[in-house]
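Asks: Any chance you could fold what I've pasted below:
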Amino acid sequence: MADPCEDPYPDVYIGGGFSDPAGTPPAEPGPGRPGPGRRRNWIPGAVAVATGIVMVCHSFVPNSPGNLGSLLETVLPWTGLAVPVLLLAALLRRSVPAVIAALLLGAAWSAVFASLFLGGRSDAEPNLTVVTHNVNATNPDPAATVRTLLAADPDLVALEEITDDALPAYRKVLDPRLTHSVHIGTVALWSRYPITESRRLTIDPGWSRSLRARIQGPNGPVAVYVVHLPSVRFGVSGFTIARRDDTLTALDRALDHEEQKKVLLLGDLNGTTTDRNLAPLVSRLTPAEDKAGTGFGFSWPAAFPIARIDHILTRGVTPTDAWTLPATASDHRPVAARLKA
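Replies: Numbering: from 1, shown residues only. Prediction:
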């Protein structure tokens with residue numbers, strides 16, 4: 001008599017799988033039917049291809065809704081982080097197509113950004129060193145902040161977010177070194193060279209945080225703009241940049257009417273040079289960091305910079321070197337450049 005506890009349909013091991021009671025082995029992937037593991041091997045490659053397309057074709061990403069295109073272009077350099085991650089995933093999965101896709105993504109990123117790391121310093125002999133810094137209206141130690149800036153031995157220092165209460169503290173340290181200065185609203189300029197003209201730059205009605213000055217530089221007059229554009233915000237509705245862009249348009253118009261051949265624009269533009277909305281400005285002026293820096297020159301936030309929103313832009317002046325200074329008590333890092341003016 002059969003054992004009542006015995007399974008009447010025992011599993012039968014056949015060639016790597018178990019048969020059903022009728023003895024029919026389970027279906028296995030065939031040439032035209034990849035298994036789940038093989039399908040997953042394509043994921044790193046697909047992500048690499050998609051990232052590469054976005055990086056190379058970012059200008060085609062629409063700016064509506066939420067200014068998505070501008071937001072993407074602001075963080076565009078960070079797409080490079082995808083390369084080692086996707087390459088490692090492809091190697092772990094032993095997927096040759098995914099490895100190739102990750103390497104191609106790396107090549108595309110290098111074609112766009114590697115030149116920033118190769119050093120674009122000019123052979124021209126510099127005769128003007130400039131520094132710009134958003135010092136933060138709540139800066140608890142203006143004196144230490146200024147000492148960091150003066151370590152670069154600047155001829156020009158442009159500051160943004162200066163309050164009336166803090167101004168004397170900045171003057172106390174800066175005035176003995178840079179004897180010419182102008183202060184309008186929340187921006188100020190100190191110069192080693194005489195300031196022959198200055199005025200408020202009215203590009204953002206209701207605010208006084210931009211000025212235009214003329215200095216008698218080492219080889220003639222130079223128009224110097226100190227600018228702090230409106231802040232941008234990121235929230236559930238997207239990237240809010242309308243007011244900044246309106247002010248940018250007004251700044252572009254002001255530069256169109258600038259008669260001086262040599263021009264410097266220093267300040268916090270609350271935008272990166274990769275942002276399409278800054279393109280009209282960058283077409284008029286040359287970013288010193290792009291021309292003569294080594295690296296991205298990220299300046300904000302100071303604790304862990306992820307974007308360069310503080311800029312030194314030039315026209316008729318040759319940048320020979322550009323760099324970011326050490327962090328101060330501000331939420332921005334100062335940026336500096338040497339120029340042949």
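Asks: any chance you could map the helices in the stretch 101-250 of the chain?
Replies: Along the stretch 101-250 of the chain, counting by DSSP state H, counting those that start in this stretch, helices occupy 142-150, 167-174, 242-256.
Asks: most tightly surrounded among these?
Replies: When the helices of the stretch 101-250 of the chain are scored by mean count of other Cβ atoms under 10 Å, the highest mean neighbour count falls to helix 142-150 (a mean of 19). From N, CA and C alone the C-beta is placed, and that goes for glycine too.
Asks: Contacts for that one next, please.
Replies: Defining contact as Cβ atoms under 8 Å, 6 or more residues apart in numbering, one finds that helix 142-150 is touched by 131, 133, 135, 139, 157, 166, 169-170, 172-174, 177, 325-326, 328-330, 334.
Asks: so of those residues, which ones are in strands?
Replies: 131, 133, 157 (DSSP state E).
Asks: List just the nearest of the residues you listed to N277.
Replies: For the ones in strands among the contacts of helix 142-150, the closest approach to N277 (Cβ to Cβ) belongs to H133, at 23.5 Å.
Asks: Could you report the neighbour count for the closest residue to S191 other than its chain neighbours?
Replies: Leaving aside its sequence neighbours, S191 sits nearest to H180 (Cβ to Cβ, 6 or more residues apart in numbering; 4.4 Å). A count of neighbours around H180, defined by other Cβ atoms under 10 Å, yields 18.
Asks: which residues does H180 contact?
Replies: Contact analysis of H180 by Cβ under 8 Å, 6+ apart lists 190-195, 215.
Asks: May I see the residues you listed arranged in a markdown table, with pLDDT, neighbour count and distance to L71 as well?
Replies: Below are the contacts of H180 laid out as a markdown table (pLDDT from 0 to 100; neighbours: other Cβ atoms under 10 Å; distance: Cβ to Cβ, whole Å):
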| residue | pLDDT | neighbour count | distance to L71 |
| --- | --- | --- | --- |
| W190 | 98 | 27 | 35 |
| S191 | 98 | 23 | 37 |
| R192 | 98 | 18 | 40 |
| Y193 | 98 | 19 | 40 |
| P194 | 98 | 11 | 43 |
| I195 | 98 | 17 | 38 |
| I215 | 98 | 27 | 37 |
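Asks: Between which two of those is the distance greatest?
Replies: Greatest spatial distance among the contacts of H180 (Cβ to Cβ): W190 and P194, at 12.2 Å.
Asks: sorry, back to before: distance of the residue nearest to S191 from L189?
Replies: Applying Cβ to Cβ, to the nearest Å, the value for H180 to L189 is 9 Å.
Asks: Which neighbours do those two have in common?
Replies: Applying Cβ under 8 Å, 6+ apart, one finds that H180 and L189 are jointly contacted by I195.
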